[in-house]
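Peer 1: Next one to model:
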Amino acid sequence: MSEDAKEESAAHGAGSDVLQRGRNPFKVPANCNIFLLRNKEKEQRKKKQEQLRNLKVHEKHAYIGKMNCKRAELRRKLRLAEYEDESGSSAEKKAQELRESHIGKIAMLKDHNIEKETISEFIAKKREMFLLEYSLAVKRGEISHLEEVAAAEEKKLLNAEKFLEEDVMMFDSFLKENDRNAVEAVKNAEQETREKLEKMSEIKKIMSKIAAIKSDISKFEETLAEYTMYRDFLTKLSPLEWQEKERVWRKRRAKPQLPDKDQGKRGEQPGKTLPVPPPETLAGAERKASGAGRELRALRALRDTRTPSTLRLKATSQRSQDSRAESRTEDASSSDNDEEEPQLYFTHPQQLLDLLSDLEEQNLCLIQNSRETEEALEEYTHTMNSTRKKMEQETEQLMQQIDTMTRTIEKEQKRAAEVELKVRLLSCGKDIAEDQDAMLDLLGRKVEEVYRTCTGNSEVSLSPVQMLTAVEQRLGELLDSVELIPRDRVLLAEQAKEKERRLRLKEEKLLQQKQHQEERLRKSLERAQAAIKKTTGKKLMYRSKPPATKTKESLNTESTDQEKEEQLYFFTMSR
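Peer 2: Sure, this is the predicted structure:
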């Protein structure tokens, strides 16, 4: 019976792992065959029974004997435990182990009568024991798990404290290092600021010195340019023969060159300067330069009024300037080689003053000539302009006369055509020869009247063609004489004639209007005196036009807008 219980407890112990995973031990698992387990248990029991049968006699025991043997072993262990001196914790551990072992459990049942139980009771007790052991195992596992978690948390807390201490130490060292760096940076900044201020003051001093040097250089350059201008002016005033000799002399001096050794010696002495001329020489040069400056200003004042002779002089002076420019380049090249004072043609200021006075007289003559030429040019220009204006006015008047005569001719031609048409209509082919003779006589009388007016001759014995020829000649003579008559008188005569012509045209127009009015009256009298024609039948009636329909704009614009919106909405939706 005890072996079966052990087997069942082993089976339940094997199933405790399943229960520890959160499953119900009293529920049949889906992946396990209960009949297979039962067969295995039967086979194990058979094996044990075979082993018990094969045991020797002294090894075979009854159930009570087996229980007594276990009790004796328990007593022996308890007896040995009494003589052992251990700590409280070890004794508690051993007592716990003893309680958990089968021997301890049997000792607890020492004074109880052991009776045989049925299988169902045994299984129920085993089930209760398994549940208790399972709950205890679960609690112990949870306790051990919590102890492990607590230990891990304590370890983490210790590590965190350790790290915190290390961080505090590192932060303190960082703060110290930062303070030290800040102090060093402040010191460096102060030092750099002091150095910067010193450098700035030095730079300002140097810049002031440079500005002073530059101003001195500019002054010296201006003085040099002024002196160079004076020298060039004096060179230009010198005779061409002397200039040619000076150029040849400088070319000769510029030909020989120093050897390399001499150049090396000169290069080794960079501090050597040219000798300064004495102050007397500088004073004389300044006096000469001031006199030359005054003369130069006088020449500049006379520069704007030049004649062709001055242009020729300018060309010659330009050639001399080119030659002197070459001499200046030669002087510049030779001035590096020698240190002698430049030579001048003028040895005394009076020579220069005499030359300048001669040049001034020549310039005054040239200026006078140029002024006379300008006055003559102005008079010629004025005459030409007045002549041009007169010719333009005469041309304009002639063009106007031509236009008026052309228009008059066109009007007379139109009137002649109308008169001819009227004559043809009135004559209708009768008495044509008589009308032509009368027309010729009329024209002859008019031509004779014009001839008498133009020539002043009262006795006429010429034909109309000859009279017209004479009138034409007289007209040409008058046109030629018109050019000699003052323009004002011509304009007055033209205006008077134009006025007479306008009055004559106005009278003719009034006469034509009167004739036209008389003609209308005559026709109206003829119509009034004519016999009345009676009309027979109905008058023609034209078709009447239908009345035009006027569209009235509706004042209710809101309704029309709403209708338009509805139409747009529905038609667009239907599409």
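Peer 1: And the helices in the stretch 301-450 of the chain?
Peer 2: Listed in chain order, the helices of the stretch 301-450 of the chain (DSSP state H, counting those that start in this stretch) span 308-335, 349-427, 432-455.
Peer 1: The ones you listed into JSON lines, with extra columns for mean pLDDT and mean neighbour count?
Peer 2: (C-beta placed from N, C-alpha, C; glycine too.) Converted to JSON lines, the helices of the stretch 301-450 of the chain look like this (pLDDT from 0 to 100; neighbours: other Cβ atoms under 10 Å):
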{"stretch": "helix 308-335", "mean pLDDT": "48", "mean neighbour count": "14"}
{"stretch": "helix 349-427", "mean pLDDT": "85", "mean neighbour count": "12"}
{"stretch": "helix 432-455", "mean pLDDT": "79", "mean neighbour count": "12"}
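Peer 1: In TSV, list the ones you listed along with distance to Arg474.
Peer 2: As requested, those are exported to TSV (distance: least, Cβ to Cβ, whole Å):
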stretch	distance to Arg474
helix 308-335	53
helix 349-427	17
helix 432-455	5
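Peer 1: between those helices, which one is nearest to Ile532?
Peer 2: helix 349-427 (28.4 Å; Cβ to Cβ).
Peer 1: rewinding a little: the helices of the stretch 301-450 of the chain: which one's closest to Leu510?
Peer 2: When those are compared (using Cβ to Cβ), the closest one is helix 349-427, at 15.8 Å.
Peer 1: Tell me what angle that closest one forms with helix 432-455.
Peer 2: Using axes from the mean of the first three to the mean of the last three Cα atoms, to 10 degrees, the direction of helix 349-427 lies 150 degrees away from that of helix 432-455.
Peer 1: circling back to that earlier point, for the helices of the stretch 301-450 of the chain, which one sits closest to Leu491?
Peer 2: helix 349-427 (8.3 Å).
Peer 1: Can you tell me the element Leu568 falls in?
Peer 2: Element membership for Leu568 (DSSP states H and E) is helix 557-574.
Peer 1: Over to Tyr227?
Peer 2: helix 119-237.
Peer 1: for that helix, packing partners?
Peer 2: On a contact count with 3 or more Cβ pairs under 8 Å, 6 or more residues apart in numbering; DSSP states H and E, helix 119-237 meets helix 2-20, helix 279-301, helix 308-335, helix 349-427.
Peer 1: That one versus helix 349-427: what angle between them?
Peer 2: Helix 119-237 and helix 349-427 meet at an angle of 100 degrees, taking the same axes, to 10 degrees as the criterion.
Peer 1: For the next helix or strand after helix 119-237, list every residue counted as buried.
Peer 2: Counting by DSSP H and E, the next helix or strand C-terminal to helix 119-237 is helix 240-254. Of all the residues in helix 240-254, those buried under the rule 16 or more other Cβ atoms under 10 Å are 243, 246-247, 250, 254.
Peer 1: Looking at helix 240-254 now, give me its mean pLDDT.
Peer 2: Helix 240-254 carries an average pLDDT of 82.
Peer 1: for that helix, packing partners?
Peer 2: Using 3+ Cβ pairs under 8 Å, 6+ apart: helix 240-254 touches helix 308-335.
Peer 1: quick revisit: how about the helices of the stretch 301-450 of the chain, which one is nearest Leu132?
Peer 2: Between the helices of the stretch 301-450 of the chain, helix 308-335 lies closest to Leu132; by Cβ to Cβ that is 130.4 Å.
Peer 1: Could you measure from the residue nearest to Ser238 when sequence neighbours are not counted over to Ser481?
Peer 2: Leaving aside its sequence neighbours, Ser238 sits nearest to Tyr345 (Cβ to Cβ, 6 or more residues apart in numbering; 3.6 Å). The spacing between Tyr345 and Ser481, counted by Cβ to Cβ, to the nearest Å, is 72 Å.
Peer 1: More neighbours: those two, which one.
Peer 2: Tyr345 (17 against 9; other Cβ atoms under 10 Å).
Peer 1: Would you quantify the distance from that one to Leu353?
Peer 2: Tyr345 is 14 Å from Leu353, by Cβ to Cβ.
Peer 1: Which helix or which strand is home to Gln513?
Peer 2: Counting by DSSP H and E, Gln513 is part of helix 487-529.
Peer 1: Now do that helix, average pLDDT.
Peer 2: pLDDT averaged over helix 487-529 gives 89.
Peer 1: and the angle for it with helix 349-427?
Peer 2: Using the same axes, to 10 degrees: helix 487-529 against helix 349-427 is 20 degrees.
Peer 1: what's the burial count for the residue lying closest to Lys390 once chain neighbours are set aside?
Peer 2: The spatial neighbour of Lys390 that comes closest, neighbours along the chain excluded (Cβ to Cβ, 6+ apart), is Arg487 at 7.3 Å. Neighbours of Arg487 under the rule other Cβ under 10 Å: 13.
Peer 1: shouldn't Arg487 be in contact with Met391?
Peer 2: No. Arg487 is beyond contact range of Met391, at 11.6 Å (criterion: Cβ atoms under 8 Å).
Peer 1: list the contacts for Leu355?
Peer 2: Leu237 (Cβ atoms under 8 Å, 6 or more residues apart in numbering).
Peer 1: ok, it to Lys155 distance?
Peer 2: 120 Å.
Peer 1: again with Arg38
Peer 2: On the measure of Cβ to Cβ, Arg38 and Lys155 end up 50 Å apart.
Peer 1: ok, back up a step: if you average pLDDT over the helix holding Tyr227, what comes out?
Peer 2: For helix 119-237, the mean confidence score works out to 91.
Peer 1: I'd like to know how many residues surround Glu563.
Peer 2: Around Glu563 there are 10 other residues, counting by other Cβ under 10 Å.
Peer 1: what does Val471 give?
Peer 2: 16.
Peer 1: Report the contact partners of Tyr345.
Peer 2: Contact analysis of Tyr345 by Cβ under 8 Å, 6+ apart lists 234-235, 237-239, 242.
Peer 1: Just the buried ones among those residues, please.
Peer 2: Judged by 16+ other Cβ under 10 Å, buried ones among the contacts of Tyr345: 234-235, 237-238.
Peer 1: from those, which is closest to Glu121?
Peer 2: Thr235 (155.7 Å).
Peer 1: wait, the closest one sits on Arg250?
Peer 2: No. Using Cβ under 8 Å as the test, Thr235 is too far from Arg250 to be in contact (11.8 Å).
Peer 1: on that earlier part again, export the buried residues of helix 240-254 to a markdown table and tack on distance to Glu177?
Peer 2: Putting the buried residues of helix 240-254 into a markdown table (distance: Cβ to Cβ, whole Å) gives the following:
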| residue | distance to Glu177 |
| --- | --- |
| Gln243 | 86 |
| Glu246 | 84 |
| Arg247 | 84 |
| Arg250 | 80 |
| Ala254 | 77 |
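Peer 1: Among these, which pair sits farthest apart?
Peer 2: Once Cβ to Cβ is applied, the buried residues of helix 240-254 give Gln243 and Ala254 as the farthest pair, at 16.1 Å.
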